[in-house]
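Enquirer: Quick one, structure for this:
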Amino acid sequence: MVLFNLNCFTKYYSSQLCFAAVFLCTLLSVVSAEEGSLVAAQFYPVEGTISLPDGLRPSLVSVTLTVNGVEKLRTLPKADGSFGFSDVPPGTHLLEVAAMGFFYPPIRVDVSARHNGKIHAAWAEDRRKVISPSMLIEPVKKMNYFEKRQEVTMWSIFGNPMMLMMIFTIVCVVIISNIDPETLKEMQQQAAAAQQPTTQPQTSQSQTSKVRQRTAAN
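Expert: Down below sits the predicted model:
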């Protein structure tokens, strides 16, 4: 009786262990398959073309892709201006083009994992300006590194403060030289009279001090 119960117990648990082992293997195979599919679909290529104006060589152009605001990937365009980044994860990225003498707008690149790596590109500062699906990036303007020298004009000459002071001095000399001598003498007398109130208290003060000295001597 005891042997019969032991055999039944062994058979029951061995069957349960076999079932658990089969279930665990199946689960691991499904998870590994899903992880493999996710890893295979995790990265996508980002490609485009830089419009190169006349005189701009590809060696003077640098393309930088900031991945999700953290990692920076850099590359140089080919002779025809084409460039590419491989293994770019889904998300929102920033594409910047640095060129000698030209300004390119920064581009916001959205890589969709739901739509199998579909790319939507637009200006980072104005998302209404969408880039074509081929990602043809054109320069906005030509950079001027040197300021144009101001031309010499009559207004710039007479607008100089030193020139204005010189003109004022010459005008004053001409006016004074043309004044009538009698008028000039009257002006000098008026100037001397204007200075008298300032000197009169000094003379009265000196006279008062002399009187005090004589009184002290007597």
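
Enquirer: which strand is the longest one in this protein?
Expert: Longest strand in the chain by number of residues (criterion: DSSP state E): strand 91-99.

Enquirer: Mind checking what helix or strand follows it in sequence?
Expert: strand 102-103 (DSSP states H and E).

Enquirer: which secondary structure elements does that next one contact?
Expert: Applying 3 or more CB pairs under 8 Å, 6 or more residues apart in numbering; DSSP states H and E, we find strand 102-103 packed against strand 141-142. Placement of C-beta: from N, CA and C, glycine included.

Enquirer: for the chain, what spans make up the helices?
Expert: Shown for the chain, the helices assigned by DSSP state H span residues 2-40, 154-158, 161-177, 181-217.

Enquirer: Can you show me the CA trace of the third one as CSV?
Expert: Spelled out, that is helix 161-177. Once non-C-alpha atoms are left out, helix 161-177 reads as follows in CSV (Å, rounded to 0.1, in the frame of the first residue of the first chain):
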residue,chain,number,x,y,z
PRO,A,161,32.2,116.5,-32.8
MET,A,162,35.7,117.8,-33.3
MET,A,163,34.7,119.5,-36.6
LEU,A,164,31.7,121.1,-34.9
MET,A,165,33.9,122.5,-32.1
MET,A,166,36.3,123.9,-34.8
ILE,A,167,33.5,125.5,-36.7
PHE,A,168,32.1,127.1,-33.5
THR,A,169,35.5,128.5,-32.6
ILE,A,170,35.9,130.1,-36.0
VAL,A,171,32.5,131.6,-35.9
CYS,A,172,33.2,133.1,-32.5
VAL,A,173,36.5,134.6,-33.7
VAL,A,174,34.8,136.1,-36.7
ILE,A,175,32.0,137.6,-34.7
ILE,A,176,34.4,139.2,-32.1
SER,A,177,36.6,140.6,-34.8
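
Enquirer: tell me the average confidence for it?
Expert: For helix 161-177, the mean pLDDT works out to 83.

Enquirer: remind me which residues of the protein are low pLDDT?
Expert: Residue ranges of the chain with pLDDT under 70: 1-41, 145-146, 196-218.

Enquirer: wait, what's in contact with the closest residue to Leu95 other than its chain neighbours?
Expert: Once flanking residues are discounted, Leu95 sits nearest to Ile107: 4.1 Å by CB to CB, 6 or more residues apart in numbering. By CB atoms under 8 Å, 6 or more residues apart in numbering, Ile107 lies in contact with Leu94, Leu95, Glu96, Val97, Ala121, Ala122, Trp123, Ala124, Ile131, Met135, Ile137.
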